[in-house]
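**Q** Could you work out the structure for the sequence below:
(chains A and B)
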Amino acid sequence: MVEKKKSGYWLTHLGLILGVLFIFFPVWLTFVASTVTQDAIIYPPLPMLPGTEFFENYANALFRGSPEGYGAKVPVIKMMMNSAIMAIGITVGKIIISLLSAFAFVYFRFPFRNLCFWLIFITLMLPVEVRIVPTYEVVANLNLLNSYTGLIFPLIASATATFLFRQFFMTIPDEMVEAARMDGCSPMRFFFDILVPISKTNIAALFVILFIFGWNQYLWPLLMTTDPDMRTIVMAIDSMIPTGDDYAHWPTVMATAMLAMVPPVIVVISMQKFFVKGLLESDK
Amino acid sequence: MEKRVFFKGWWLPALLVAPQLLISFVFFFYPSGQAIWNSLFLPDPFGLKTEFVGLDNFRFLLSDPYYLASFKTTIIFSTAVSVSSMALGLYLAALADRLIKGAGVYQTLLIWPYAIAPAIAGVLWLFMFNGNIGLASYYLKALGYEWNHTLKGDQAMFLVILASSWGRISYNFLFFLAGLQAIPKSIIEAAAIDGASFWKRFGTIVVPLLSPITFFLLVVNIVYAFFDTFGVIHTITSGGPEQSTTILVYKVFSDGFVSQDLGSSAAQSVILLVLVGILTVIQFKYIERKVHY
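**A** A predicted model of the protein is given here:
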């Protein structure tokens, strides 16, 4: 800091604390709402401190579903499992296929290499939301609706991870390959014994970003899961919010919202260093 | 940049790129091709056969007042989301950058909303502004302001902008903070010694040095507002009231899946595809320039 005025110092903290409060406030309200009774919510204003129904509401949300109201009796434990399978499937799938193709692009010269590279590069451009109708048809024709494969694979088709690994491999000194080749190391041996281990931090960084990306998918699972057993928690929240004259059992809905937020937030906070690295590098 | 040393053989690399190429073809190129192809046809009302109509779907869209209104909505929405979340992100990053100690703590406290799904963010804000039980609408009513975003389009728009910007602040904060910390302190100190005030320094040194990152964030945030906010819109307003919050990507969904108007939905996909293409090229040009910088 250049100046050392006391007042400026406290104003800086004050400004930041206001920002933090603005960020926290909606989540705090949600948490409070997930610990009180239905009556405390439907007769506003909502109290500012948590109530006594924490265990009751979370047990309801996880294992029994809302006791009454719109979208009642649907427990979310199975949906959290589905979300976890989808998120990890997307993460692992993307990391594996991009490690392999980045390895091929950087360490080999093969026919149509540039064409392949451009074909993959183009996929950077198009989020799944844009080609949603035809992709749905493809998945329906392959009989993959209501399956984990159908949830995961269309979302693996993206080039961000490939580019990140390619960038990283480019920075690895050529001497590494030279030494390996001189020792008679086969390409795949080089890949598994040298390339993958030194890419560890990049893999961890991508893991955080992709896990959040996968867990938070909304439109795609909304379209392709009609079987209640295949729903994910993020999309299921929509079926618990009433439209029109229906009413909801709000404490359970808000407990579900908390449950949908907690896993990715834990991943971000516990792997913060990798998350920051992944975010700053993968989007560039 | 190319490696000087590499492995020989062509079947192994072909095998290595095969999974990604295969997935890209099945779930990316084929569906995109289908979207372009379908945009040239008009299915009959019973879905039994389709008729080739050339560019009529596009011609119809570009003269359809609803579609043009959706374009306008998207521009207002994405500008508001990008500008407000970037302004707040920059403000907080500038404050955190002033601290010698504690910037890391604030970083932890500010970045976690990135992990919250847009759809869940929508639910949180919907709960606060719910007409019957919401805390915000309760106090607004006490102040004599009638809040009902299910009937009033401008209120609905305000709410989806608020919910979409809220989760995005952390992302912009992180990039701005990284950008600010990369500015050498000696430049700032030199200016301070010459008597430049904080705002003078901010305007003449910090802002110009941050402009590449600001431009990058602008493009990324516009892409975010175009596509990733689907969950916010779907949970809070479902595009209503009277289409006042129907952004382009929501219209692709509602025309394609809800109204089953496949020709029009496909044409809309193609238009969006062109828009994203342009944005990506702009972004890529920027990256290229930055690499040679």
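
**Q** just the strands in the stretch 1-150 of chain B please.
**A** B:41-43, B:50-52 (DSSP state E, counting those that start in this stretch).

**Q** Quickly compare the ones you listed and say which is most buried.
**A** With neighbours taken as mean count of other Cβ atoms under 10 Å in any protein chain shown, the strands of the stretch 1-150 of chain B reach their highest mean count in strand B:41-43, at a mean of 18. Where C-beta positions appear, they are placed from N, C-alpha and C, glycine not excepted.

**Q** Chain neighbours aside, what residue packs nearest to residue A:268?
**A** In this structure, residue A:268 finds its nearest non-sequential neighbour in residue B:115, 4.3 Å apart by Cβ to Cβ, 6 or more residues apart in numbering or on different chains.

**Q** The one you found touches residue A:214, doesn't it?
**A** No. Look at residue B:115 against residue A:214 with Cβ atoms under 8 Å: they stay out of range, at 11.8 Å.

**Q** hmm, back to that, could you redo the strands of the stretch 1-150 of chain B as CSV and give each row distance to residue B:13 and mean pLDDT?
**A** Output for those, formatted as CSV (distance: least, Cβ to Cβ, whole Å; pLDDT from 0 to 100):
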stretch, distance to residue B:13, mean pLDDT
strand B:41-43, 39, 78
strand B:50-52, 41, 77
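
**Q** So which residue is smack in the middle of chain B?
**A** Residue closest to the average C-alpha location in chain B (Cα atoms, centre = their mean): residue B:224, at 1.4 Å.

**Q** which SS class is it?
**A** helix (DSSP: H, G, I helix; E, B strand; the rest coil).

**Q** Enumerate every residue touching the residue lying closest to it once chain neighbours are set aside.
**A** Of all residues beyond its chain neighbours, the one nearest residue B:224 is residue B:168 (6.5 Å), with distances taken as Cβ to Cβ, 6+ apart. Taking Cβ atoms under 8 Å, 6 or more residues apart in numbering or on different chains, we find residue B:168 in contact with B:81, B:85, B:89, B:221, B:224.

**Q** Filter those down to just the buried residues.
**A** With neighbours counted by 16 or more other Cβ atoms under 10 Å in any protein chain shown, the contacts of residue B:168 contain buried members at B:81, B:85, B:89, B:221, B:224.

**Q** measure the closest residue to the third one other than its chain neighbours to chain A for me?
**A** Taking Cβ to Cβ, 6+ apart, and ignoring the residues beside it in sequence, residue B:89 has residue B:172 as its nearest neighbour in space, at 2.8 Å. Using Cβ to the nearest Cβ, to the nearest Å, residue B:172 is found at 11 Å from chain A.

**Q** measure residue B:172 to residue B:206 for me?
**A** 15 Å (Cβ to Cβ, to the nearest Å).

**Q** Same drill for these two, tell me which one is more crowded.
**A** Set residue B:172 next to residue B:206 and count neighbours by other Cβ atoms under 10 Å in any protein chain shown: residue B:172 wins out with 27 against 20.

**Q** Show the contacting residues for that one.
**A** So residue B:172 contacts B:85, B:86, B:88, B:89, B:90, B:93, B:217, B:221 (Cβ under 8 Å, 6+ apart).

**Q** Then residue B:6?
**A** A:106, A:107, A:108, A:109, A:177.

**Q** Just give me the neighbour total for the residue lying closest to it once chain neighbours are set aside.
**A** Nearest non-adjacent residue to residue B:6, counting by Cβ to Cβ, 6+ apart: residue A:107, 5.2 Å away. Using other Cβ under 10 Å, residue A:107 is surrounded by 21 other residues.

**Q** again, but for residue A:40
**A** 19.

**Q** May I have the secondary structure class of it?
**A** helix.

**Q** Look up how far chain B lies from it.
**A** 10 Å.

**Q** Which helix runs longest in chain A?
**A** When chain A is parsed with DSSP state H, its longest helix is helix A:77-107.

**Q** brain fart, chain B
**A** Counting residues, the longest helix found in chain B (DSSP H) is helix B:65-98.

**Q** buried stuff in stretch B:207-224?
**A** B:210, B:213, B:216, B:217, B:218, B:219, B:220, B:221, B:222, B:223, B:224.

**Q** what about the stretch 51-200 of chain A, any weak spots by pLDDT?
**A** A:69-73, A:125-127, A:129, A:158 (pLDDT under 70).

**Q** can you give me the helices for it?
**A** A:54-59, A:77-107, A:113-122, A:132-141, A:148-156, A:160-170, A:174-182, A:187-190, A:196-198, A:200-215 (DSSP state H, counting those that start in this stretch).

**Q** What is the distance between the fifth one and the centre of its chain?
**A** Think helix A:148-156. A distance of 14 Å separates the centroid of the chain from that of helix A:148-156, by Cα atoms, centre = their mean, to the nearest Å.

**Q** which parts of it are buried?
**A** Neighbour-count burial for helix A:148-156 flags A:150, A:151, A:152, A:153, A:154, A:155, A:156 (criterion: 16+ other Cβ under 10 Å).

**Q** which residues are contacting it?
**A** By Cβ under 8 Å, 6+ apart, helix A:148-156 touches A:82, A:85-86, A:89-90, A:93-94, A:97, A:128, A:135, A:138-139, A:142, A:144, A:213-214, A:217, A:220-221, A:224-225, A:230, A:232, B:23, B:26-27.

**Q** Residue B:77 touches residue B:248, doesn't it?
**A** No. Using Cβ under 8 Å, residue B:77 is not in contact with residue B:248; the gap is 9.7 Å.
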